[in-house]
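Undergrad: Prediction below, plus the sequence it came from.
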Amino acid sequence: MTTIYKLAGRLESDFPLTTDEIKFWLQESDIGQAAHFYGSNLVEAKQCAQRISDVLVTKYLNNPDRAAVPLDNKSRVCLILNNFALHKPIRGCVFEVLDKLETFFEESIKEEATLKFDPELGRMSEHVAVLLMRVTGYKLKAVNVLEFTDGNTQFSVQLMLALLLKEPAYELGLLCNCITILLGFTQPQAFFDVSKGVEEASCLSFTEKIDFIMHLMLRLRAVQSLSDVLTGQLDEMNVMTPLLHVATCSAMRWIMNIFRFSSESSTQWRQHILLSTTFLDHTVTLYMLMQCDALQRSLERTSPDLSIEMLRGISLGFKFASLCTFRMGRHAGVVRIFSLYLHDMLQLSMQYVPRDNPASSVLMRVYTDMFHFMSNIDALGGEEYISSAEVPKELLSTSLLKSIETFLRRERRGTRR
């Protein structure tokens, strides 16, 4: 008899689980032991998971008696459900019973938040957020988080940052969802009340939210934390994965949206990104190098099959770099040292992509954005602000000028089909 059956049988008893028992089942249900815990009969395992989840929600999480179910045990029960939700075949069983959560549980979360933090156990709000992300297939939205936190923007943002910085790190899907939620906090629809008419929606109110988020990010140095998380993931990859692409692009859009919608200190925000974080010179650089390598491999095929999503990501990278370096003088010029992808892009050719290919115009846009970025960092203006010894040979102004001339001659001479 597999372990999940033993847990289901134990919960049929009238005697509640003790703290030691809850700790035991928390260890037994760890995803690393999924094969042993769930067994080979998936149908029966799902039935057991359904019954267990129902009991844990209705008799433990919803229990208003603090003596019967202390707050720390409710946190541990959340972690057991999180273990279930991490195992994809069982995930739906947990999702089906979450509608049974009552106000007693919400009150428990608020009460637990006022107590001294237990670093080993963590916060119940964190466990619930993780649970919601997993059962929704990592598609939780910013508006859902704001609903969960009663519209508390600061707590919502800090909760996502706490999940991003958790050690050991959560799975990549969850980290990506945290970043897309942060992006959602910079989009008006997250704060739009559907019960009100469009004419009542206040642009000023949204701008104030963005200003608040920007100052919170500056105070917490959150962009550097985000850069550390993404750079760590990018360093481990040989090729770009769809999840990491979405996460990196969402992070860039998040930073750009704060600039676009803030009403104050927008230049300070750009200066902070460029001078006080490694997001551009590390995270974005790694992303661009990997995507340019993928683009090169695609163009070398007999019949190039270009991913429009990949091209839009590269284009976004150039737009982001242009935003960060605009009118930043010598600070912008230093960025050239890290921009090896400029040389890589100039070695490629667009001539093998037919004009009627939907990717053709997107690829043209990529090069337009690239030249815009090169203008911002004065890539052809010499090495006035940087030492020639620090600049890779292929990124010296004279070398880039030759590469551009060769690129343009090749494209002009080539025949676009």
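TA: Nice, I can see it.

Undergrad: count of residues packed around T278?
TA: When neighbours are defined as other CB atoms under 10 Å, T278 has 16 of them. The way it works is simple: take the backbone N, C-alpha and C, and place the C-beta from them, glycine included.

Undergrad: Just give the closest residue to it, not the sequence neighbours.
TA: S227 (5.1 Å; CB to CB, 6 or more residues apart in numbering).

Undergrad: any idea how far that neighbour lies from Y170?
TA: S227 sits 17 Å away from Y170, going by CB to CB, to the nearest Å.

Undergrad: Pick out whichever of these two has more residues nearby.
TA: Taking neighbours as other CB under 10 Å, S227 and Y170 compare with S227 leading, 21 against 18.

Undergrad: Run the chain-centre distance for the helix or strand of the chain with the lowest mean pLDDT.
TA: In the chain, no helix or strand scores lower on mean pLDDT, DSSP states H and E than helix 103-113, which sits at a mean of 79. Computed by CA atoms, centre = their mean, to the nearest Å, the chain-centroid distance of helix 103-113 equals 27 Å.

Undergrad: ok, and for it, which residues are buried?
TA: For helix 103-113, a neighbour-count test (16 or more other CB atoms under 10 Å) marks F105, S108, I109, E112 as buried.

Undergrad: Is the first one in contact with L61, as I believe?
TA: Read it as F105. Yes - F105 lies in contact with L61 (CB atoms under 8 Å); the separation is 4.7 Å.

Undergrad: Are there residues contacting both of the two? Which ones?
TA: Here F105 and L61 share the contacting residues K74, scored by CB atoms under 8 Å, 6 or more residues apart in numbering.

Undergrad: one step back: what about the residue nearest to T278, distance to I314?
TA: S227 is 19 Å from I314, by CB to CB.

Undergrad: same check, this time on V135
TA: From V135 over to I314 (counting by CB to CB), the distance is 34 Å.

Undergrad: residues contacting the nearest residue to P358 once chain neighbours are set aside?
TA: Distances taken as CB to CB, 6+ apart place I308 nearest to P358, at 6.5 Å, with adjacent residues excluded. Residues counted as contacts of I308 (CB under 8 Å, 6+ apart) are P358, A359, V362.

Undergrad: Looking at these, spot the one nearest E126.
TA: Nearest to E126 among those: V362, at 39.5 Å, using CB to CB.

Undergrad: Could I get the contacting residues of R123?
TA: S75, E112, A113, F117, A162.

Undergrad: May I see these arranged in a markdown table, with distance to L243 as well?
TA: Listed next are the contacts of R123 as a markdown table, based on distance: CB to CB, whole Å:
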| residue | distance to L243 |
| --- | --- |
| S75 | 28 |
| E112 | 31 |
| A113 | 30 |
| F117 | 30 |
| A162 | 20 |
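
Undergrad: Let me know the closest of the residues you listed to V366.
TA: Nearest member of the contacts of R123 to V366, counting by CB to CB, is A162, at 36.0 Å.

Undergrad: what's the strand or helix carrying the closest one in contact with?
TA: Take DSSP states H and E as the rule and A162 turns out to sit in helix 153-164. Contacts to helix 153-164, defined as CB under 8 Å, 6+ apart, come from residues 123, 125-126, 129-130, 142, 145-146, 148-149, 170, 174-175, 178-179, 181-182, 185, 209, 212-213, 216-217, 220, 222, 225-226, 229.

Undergrad: what is the orientation angle of it with helix 103-113?
TA: 80 degrees (axes from the mean of the first three to the mean of the last three CA atoms, to 10 degrees).
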